[in-house]
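A.B. asks: below is the structure, and that's it, no one-letter string:
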Ligand code: SF4
């Protein structure tokens, strides 16, 4: 091997050593109909061959209409659902086939913040108890330091110290979401899946929570998988963006590439709906006809062909290959091969 080749390998290895999460052809389907022998007759394909890499300290924003599989994908990566195909590599370990017992030691590294801060907190426990319990269970700090550790975490998350003795029902939605964030971060995770963390909150509170998540990411070197249908929020918080439709990744790349130069017709339609604050800029909204097809019976060929303004016969018959069109910018569309 030449010296040059050695350098190339070293650079590639270095790049991959930054990767905290790699998902390769991830699939998740749910059986919805079985015959008398228990054989699956019909299934709902929620996630279909999704692949991406996420570096430590970065945020990947996942966008798409309701029902596109983004939440199921997040939960499958955390193995709250068992994957039905593909691989999940976390921190260099292939965790795809890990049992519940094997996952237990990884639970502190992988956490989730749920959409609804009202139902995700136990009503009969105080904030102090809610935040102390995971710290004690996982032995994050010695027992005598738990209270001061929790108080410090509360301060970082913008919670006053006297909230320690209070109950969740005494707080507003924004404060409850701060408690949920503190609980997720109490075990010092590396990866946090944020599943629509601000969509249940008032717009003014959303900005505070997003800024808090950004600040905590910087100070604690967190990696986020940020799931949202709100494109403005995703644009603000993400480094990379993935666009999903009917369980599949349609486009993926750096935020700048995706927002400034979207390649896929679905991404273009989705982004054309973002309101422009400048009244002099005319909006060229692309209105998609029809509803999202059922994931139990997805269209043949390109799954977007029933709503795509550029669909051809080929699109109805052949599945477009998901490939890299610019450095780090992936998409799945036949039209891009012809340009
Ligand atoms: Fe539209 Fe065809 Fe591209 Fe699918 S493959 S997005 S139907 S042009």
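C.D. replies: In hand now; what should we look at? Note that the structure is a prediction, hence the values are computed from the model and not measured.
A.B. asks: the ligand contacts on the protein?
C.D. replies: Contact residues (C-beta under 6 Å from any ligand atom) of the chain with the ligand: 265, 302, 304, 305, 308, 310, 311, 315, 320, 333, 334, 335. Quick note: C-beta positions are derived from backbone N, CA and C, even for glycine.
A.B. asks: can you tell me the closest non-neighbouring residue to the second one?
C.D. replies: In other words, residue 302. residue 315 (4.5 Å; C-beta to C-beta, 6 or more residues apart in numbering).
A.B. asks: isn't the one you found right up against residue 299?
C.D. replies: No - using C-beta atoms under 8 Å, residue 315 makes no contact with residue 299, being 9.3 Å away.
A.B. asks: neighbour count winner among the two?
C.D. replies: residue 315 (23 against 16; other C-beta atoms under 10 Å).
A.B. asks: please state the offset of whichever strand or helix holds the more buried one from the chain centre?
C.D. replies: Using DSSP states H and E, residue 315 falls within helix 313-317. For helix 313-317, the gap between its own C-alpha mean and the chain's C-alpha mean amounts to 30 Å (C-alpha atoms, centre = their mean, to the nearest Å).
A.B. asks: please enumerate residues in contact with that helix?
C.D. replies: 299, 300, 301, 302, 305, 308, 334 (C-beta atoms under 8 Å, 6 or more residues apart in numbering).
A.B. asks: repeat that for stretch 230-239.
C.D. replies: 58-63, 198-199, 206, 210, 213-214, 224, 226, 228, 241, 254-255, 259, 270-271, 273-274.
A.B. asks: which among those count as buried?
C.D. replies: 58-63, 198, 206, 210, 213, 224, 226, 228, 241, 254-255, 259, 270-271 (16 or more other C-beta atoms under 10 Å).
A.B. asks: out of the residues you listed, which sit inside strands?
C.D. replies: Counted as lying in strands by DSSP state E, out of those, are 59, 60, 61, 62, 63, 224, 226, 241, 254.
A.B. asks: one step back: now the contacts of helix 313-317 in a markdown table, with pLDDT and secondary structure?
C.D. replies: What follows is these, written out as a markdown table (pLDDT from 0 to 100; DSSP: H, G, I helix; E, B strand; the rest coil):
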| residue | pLDDT | secondary structure |
| --- | --- | --- |
| 299 | 93 | coil |
| 300 | 93 | coil |
| 301 | 95 | coil |
| 302 | 96 | coil |
| 305 | 94 | coil |
| 308 | 94 | coil |
| 334 | 96 | helix |
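A.B. asks: so among the residues you listed, which ones count as buried?
C.D. replies: Buried members of these, scored by 16+ other C-beta under 10 Å, are 299, 301, 302, 305, 308, 334.
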